[in-house]
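Participant: what follows is a predicted structure for the sequence shown.
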Amino acid sequence: MTDATMDRGSADSGPMRAADGTPLKRSLARSLRMQKIRALALVLPLLIFVLVTFLAPIFDMLFRSVENRIVEDTLPATVVALQDWNPDQDELPPEDVFRAVYFDLFLAAEAKKHTRLGTRLNYEMPGISSLFRGSGRAMDDVAKDQVEAIEDTDKKAWRDGAFWYSILGGDAGQAEIEEARSRFIALQGESARGPVGQSWCAVRGVLGAPCAVAPNRTDLKFGLSPEAMALLPRTSRQYAEFGVFAVLEDGDVLQEEDPWEAVYVAMALDLTDPAIAPRIASYTGPGAEQLQAAAAAVATLPAINFKDAMAAVDEEWLDPEVWRTIKVNSGRYTSGYFLNAADLKLGSDGVEVRPENERIYIMLFKRTLIMSLIITGTCIVLGYPVAWLLANLPSRRANLMMILVLLPFWTSLLVRTSAWKVMLQQHGVVNDTLVWLGIVGETGRLALINNQTGTIIAMTHILLPFMILPLYSVMQTIPPSYLRAAKSLGANDWTAFWRVYFPQSVPGIGAGSILVFILAIGYYITPELVGGTTGTFISNRIAYHISNSLNWGLAAALGTILLVAVLVLYWAYDRIVGIDNVKLGG
Amino acid sequence: MLDTRIDDAFVEFEHVQKSYDGETLVVKDLNLSLPRGEFLTMLGPSGSGKTTCLMMLAGFETATFGDIRLGGVSINNIPPHKRGIGMVFQNYALFPHMTVAENLAFPLEVRKMGKSERDQKVKRALDMVQMGKFGGRRPAQLSGGQQQRIALARALVFEAELVLMDEPLGALDKQLREHMQFEIKRIADNLGITVVYVTHDQTEALTMSDRVAVFNDGRIQQLAPPDKLYEEPENSFVAQFIGENNTLEGVVKEISGDRCVVQLDGGEVIDAKPVNVTKPGERTKVSIRPERVEFKAERLSSEAHLLDAEVLEFIYMGDVFRTRLKVAGNEDFIMKCRNAPDQERLTPGEKIRIGWLAEDCRALDA
């Protein structure tokens, strides 16, 4: 072999080179590129479909298991104010926290989002949701005296939106307004529309189905007056929030709207502020007369005490546990759902076990795991002989049997499960037969349904084909000559089977077991229908949280744990048996 | 049928019949006896019943009728694992989940043999097939020829006196196959075992066997040593099946002792040896081996009948020249000549006269 190209390729110590001198690797990659692109193009539609409709929602769902923006979105000022409060001491937070919670809750109640927060916090502190629901309704009445006092000074002026705008409105304060707008958007749980959404909406506009105007792109058509912002800062901020709400939520024009109570309360706070009072007296701008009158009227009243006001709304606001719950859960991300899914909770001094009567999930996980193992085991025991027969019968009869095996697939899952209800109930076919045969007495009828036995029987039946099919396809590849060889070597039927045939069918058992186990561990319909209370799985609980209790975070956490458990088991299986030993066919 | 009984028979088939569907017989009245130490080959086209016979002997098929005896004892009702017969399968059937050594130890293990004795025997068996270093490998890591050796060693390791081989070399390439033929023969002779070997490859049968049983249509057509089988086929099937053969059809004109005159369908007359013909007027197929055909005047007997032939094709095959002739209307008449220095190379279109010794030309059944 003294061929020149051979010399060039192998004699050099450097990389192998193609005939034109380019490195062989690059040359190979180039020649394969077209093939790769074509292969990718074939896969692409499915890939996009799976990404968009399957993976993205799953990741979104999983994200919900730690996502916790609701507290910060609903009570932003309160969360900030609570930062300096030490939850370990058995004291109430200071007055400014109560003031913050008033303004936060007022806006939340107007947006009707306060109950949502109550529901969220109720997962952590049962009973807290009624506090939020009740308090939301009562926010209008807080500091009622001050509101009425201001209004009484000049009813006509104060009930006129244009008058308010003449004092507080202007063409400045864009920063404040935008802040109020983003707060509103967060509170509503909407997301700002970015450039992609914007172009999508442009397409829809051309197609004649335009999108609704995005809240972050609506022209609010108002501004704030710089003088008023300097003079009445709290009032201006509340006015901005009111303005955003009025325009975006109600579709009104701010200049025509008489603001809500929170703006009056903020004004009362401003007017009684010792730093502001002297400047009011010397104020000469629009509505100076009315402002001075209002200041005089408010000054006669006692200063607003928000702690007392909130206590008047609901005594529970004086319970430090409520504030502790808000503070502990105020982060953007929470481990609360996962702790809950493991029967734990976050107390003020770290993680603690939930009280006995609230523990359920560990038990459910264990039950799901054990019952899935039992179902896998029964599937192996029942499926192995059938698969053996299928693989060893002449093909005509094997095909007929295969149809029988596949028959369940052609029947609705619900029908099959319901059939088991008929079969297994107290006066069902099985019990009647046993009584008729005299195996059990009339009084001793077996409880075969609405318990674990029912779930195991029905799920074994439903999952059996998933065991038989991989077993069959592996057994089909084992030539009968192996058994013959074993026998000719002196092994009796059992030894030949156990030492020679069985080890070669193990990959089929592995594949079938993984299939059945993973399907079983996440099964929902059958346990729901025949499991009663003792035979239900974790998935039934997940479904309950998705559709009944609407605790999606907890459902997502449970689902994540289930997913991780399956992955861990898969990994363990790979380590012990080796995933190369799993065969779904030849 | 042929009487094949031997007094000190080790393996005996007596009037054995086999039917799978109850309608047709796959094996029709098989009678066969083997003495100890014989290498017998069952040769025949596929579907001739040879493998069925082997499977009945191994115990994987039951005889529908008749008796199979091993060492004088009827084994009809003995299950395969108690027959103590070694077997080499067509695709070796080495257990893929065991190493080579474990494969070999398997028959010893099921016989409850102690570990040290087991290891010793495995080692000896591996050495015997020159695979001593491969004990730790898996069958999938071996080449076809190596797997073949292991399969052989496994069939021999438990010291079976009778070893059955079902087309064991079918999956090997030609060179390896020829090498293994000698290897198997050598080992079998050294160990003095009795071998029943099934093949459809006649070269294999001729080179390895003490005797060959030619199967067709569920019957043994001829049971004879290789040379006899080749040179003295007893019927036209055997003559056709074994080796290359020229057939001419005609009618017997006269018979006298071991000579007869046959008039071919084209009118030509030739001398032949009567084998399956008894009286004049019978139709017959005359069989002549290509290498026994002569065309040089000095090698032809003067009183023999000669035939006109036309050369159609001349093929150079290295050791021999293969010439296709048109003889008495038969355009597939083959003549083979050794490639000797003085050998004449014929050219297509040439007209020659051919002939042969009368005893090489056998008049068989039509």
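Facilitator: Good, I have the coordinates. Residues are numbered from 1 along each chain as shown, chains lettered A, B, ... in the order given.
Participant: which SS class is residue B:223?
Facilitator: Following DSSP: H, G, I helix; E, B strand; the rest coil, we place residue B:223 in the strand state.
Participant: just residue B:309 next, same as before
Facilitator: Once three-state DSSP is applied, residue B:309 turns out strand.
Participant: hmm, residue B:354 and it touching each other?
Facilitator: Yes. Contact criterion Cβ atoms under 8 Å: residue B:309 and residue B:354 qualify, at 4.9 Å. C-beta here means a position set from N, CA and C on the backbone, and glycine is covered the same way.
Participant: any common contacting residues for the two?
Facilitator: Both residue B:309 and residue B:354 are contacted by B:295, B:325, B:327, under the criterion Cβ atoms under 8 Å, 6 or more residues apart in numbering or on different chains.
Participant: point out the other helices and strands that the helix or strand that contains the second one packs with.
Facilitator: Put plainly, it is residue B:325. Using DSSP states H and E, residue B:325 maps to strand B:320-327. With contacts defined as 3 or more Cβ pairs under 8 Å, 6 or more residues apart in numbering or on different chains; DSSP states H and E, strand B:320-327 has these neighbours: strand B:307-316, strand B:330-338, strand B:351-354.
Participant: next, name the residue at the spatial heart of chain B.
Facilitator: Closest to where the C-alpha atoms of chain B average out (Cα atoms, centre = their mean) is residue B:205, at 3.3 Å.
Participant: per-residue pLDDT, that residue?
Facilitator: Per-residue confidence (pLDDT) for residue B:205: 90.
Participant: pLDDT of the strand holding residue B:325, averaged?
Facilitator: In this model, strand B:320-327 has a mean pLDDT of 91.
Participant: and the residue nearest to residue A:222 when sequence neighbours are not counted, how many neighbours?
Facilitator: Nearest non-adjacent residue to residue A:222, counting by Cβ to Cβ, 6 or more residues apart in numbering or on different chains: residue A:254, 4.4 Å away. Neighbour count for residue A:254, taken as other Cβ atoms under 10 Å in any protein chain shown: 24.
Participant: again with the one 4 residues further on
Facilitator: Applying other Cβ under 10 Å, we find 16 residues neighbouring residue A:258.
Participant: do you know the pLDDT at it?
Facilitator: Looking at residue A:258, its pLDDT is 87.
Participant: next one: residue A:285
Facilitator: 83.
Participant: go on, residue B:278?
Facilitator: Residue B:278 is assigned a predicted lDDT (pLDDT) of 84.
Participant: for the stretch 1-150 of chain A, which segments count as helices?
Facilitator: Using DSSP state H, counting those that start in this stretch, the helices of the stretch 1-150 of chain A run over residues A:4-6, A:24-50, A:56-64, A:69-74, A:76-81, A:95-110, A:114-122, A:128-138, A:144-153.
Participant: now the stretch 1-150 of chain B
Facilitator: For the stretch 1-150 of chain B, helices defined by DSSP H, counting those that start in this stretch occupy the ranges B:50-58, B:100-109, B:115-128, B:144-157.
Participant: can you give the contact residues for the second one?
Facilitator: Spelled out, that is helix B:100-109. If you take Cβ under 8 Å, 6+ apart as the criterion, helix B:100-109 is touched by A:486, A:489-491, A:499-500, B:94-95, B:98, B:117-119, B:121-122, B:125-126, B:131, B:134-139, B:142, B:150, B:153-154, B:157-158.
Participant: repeat that with 7 Å
Facilitator: Applying Cβ atoms under 7 Å, 6 or more residues apart in numbering or on different chains, the contact partners of helix B:100-109 are A:489-490, B:94-95, B:98, B:118, B:121-122, B:125-126, B:134-137, B:139, B:150, B:153-154, B:157-158.
Participant: repeat for stretch A:287-295
Facilitator: For stretch A:287-295, the external contacting residues (Cβ under 7 Å, 6+ apart) are A:150, A:153, A:154, A:157, A:163, A:166, A:167, A:271, A:277, A:280, A:281, A:283.
Participant: mind running it again at 6 Å?
Facilitator: Contacts with stretch A:287-295, where a contact means Cβ atoms under 6 Å, 6 or more residues apart in numbering or on different chains, come from A:150, A:153, A:154, A:157, A:167, A:271, A:280.
Participant: now do the buried residues in stretch A:474-482.
Facilitator: A:474, A:475, A:476, A:478, A:481, A:482 (16 or more other Cβ atoms under 10 Å in any protein chain shown).
Participant: got the CA coordinates for that stretch in PDB?
Facilitator: Extracted in PDB, the C-alpha atoms of stretch A:474-482 (Å, rounded to 0.1, in the frame of the first residue of the first chain):
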ATOM      1  CA  VAL A 474     -39.000 -10.100  22.400                       C
ATOM      2  CA  MET A 475     -40.100 -13.700  22.800                       C
ATOM      3  CA  GLN A 476     -40.700 -13.900  19.000                       C
ATOM      4  CA  THR A 477     -37.000 -13.200  18.500                       C
ATOM      5  CA  ILE A 478     -35.900 -16.100  20.700                       C
ATOM      6  CA  PRO A 479     -35.400 -19.100  18.400                       C
ATOM      7  CA  PRO A 480     -37.000 -22.300  19.500                       C
ATOM      8  CA  SER A 481     -33.600 -24.000  18.900                       C
ATOM      9  CA  TYR A 482     -32.300 -22.500  22.200                       C
END
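Participant: is that stretch in proximity to chain B?
Facilitator: Yes. Interface with chain B: stretch A:474-482 contributes A:481, A:482 (Cβ under 6 Å from any Cβ of the partner chain).
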